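In: what's the 3D shape of this:
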Amino acid sequence: MLLAAMMLPSTAFAHRQSPARLAERAATAPASRTPQGPLVIVVSIGSQRLWVYDRAGLLETSTVSTGVGGFPTPT
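Out: Numbering: from 1, shown residues only. This next block holds a predicted model:
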């Protein structure tokens, strides 16, 4: 199932990653471009990923955590 979501800064979930992992991502991440026009965010609960698109195409992708047993993600 796919859901639309609000855009959060990439640092919003930084507390969930180790400092070493954050440093590794910062060193290997490609330079981000400035978004053009409105954003569309697609969330896949099954693959636990999100994709951010703007007028020019795919802007960013990330892993997400959407729910656990007993506390499912509302759909």
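In: residues contacting Thr34?
Out: Contacts were defined as Cβ atoms under 8 Å, 6 or more residues apart in numbering; by that measure Thr34 touches no other residue. Using the backbone N, CA and C atoms, a C-beta is placed for each residue, glycine as well.
In: any idea how far the residue lying closest to Tyr53 once chain neighbours are set aside is from Glu60?
Out: On the basis of Cβ to Cβ, 6 or more residues apart in numbering, the spatially nearest residue to Tyr53 that is not a chain neighbour turns out to be Val40, at 4.6 Å. Counting by Cβ to Cβ, to the nearest Å, the gap between Val40 and Glu60 amounts to 12 Å.
In: for Val68, which residues count as its bridge partners?
Out: Phe71 (DSSP bridges).
In: what number of residues lie near the closest residue to Gly37 other than its chain neighbours?
Out: Across the structure, with Cβ to Cβ, 6+ apart as the measure, the residue nearest Gly37 apart from its sequence neighbours is Arg55 (3.6 Å). Burial of Arg55 is recorded as 11 neighbouring residues (other Cβ atoms under 10 Å).
In: pretty sure Arg55 sits against Arg33.
Out: No - when contacts are counted by Cβ atoms under 8 Å, Arg55 is not listed as touching Arg33 (11.4 Å).
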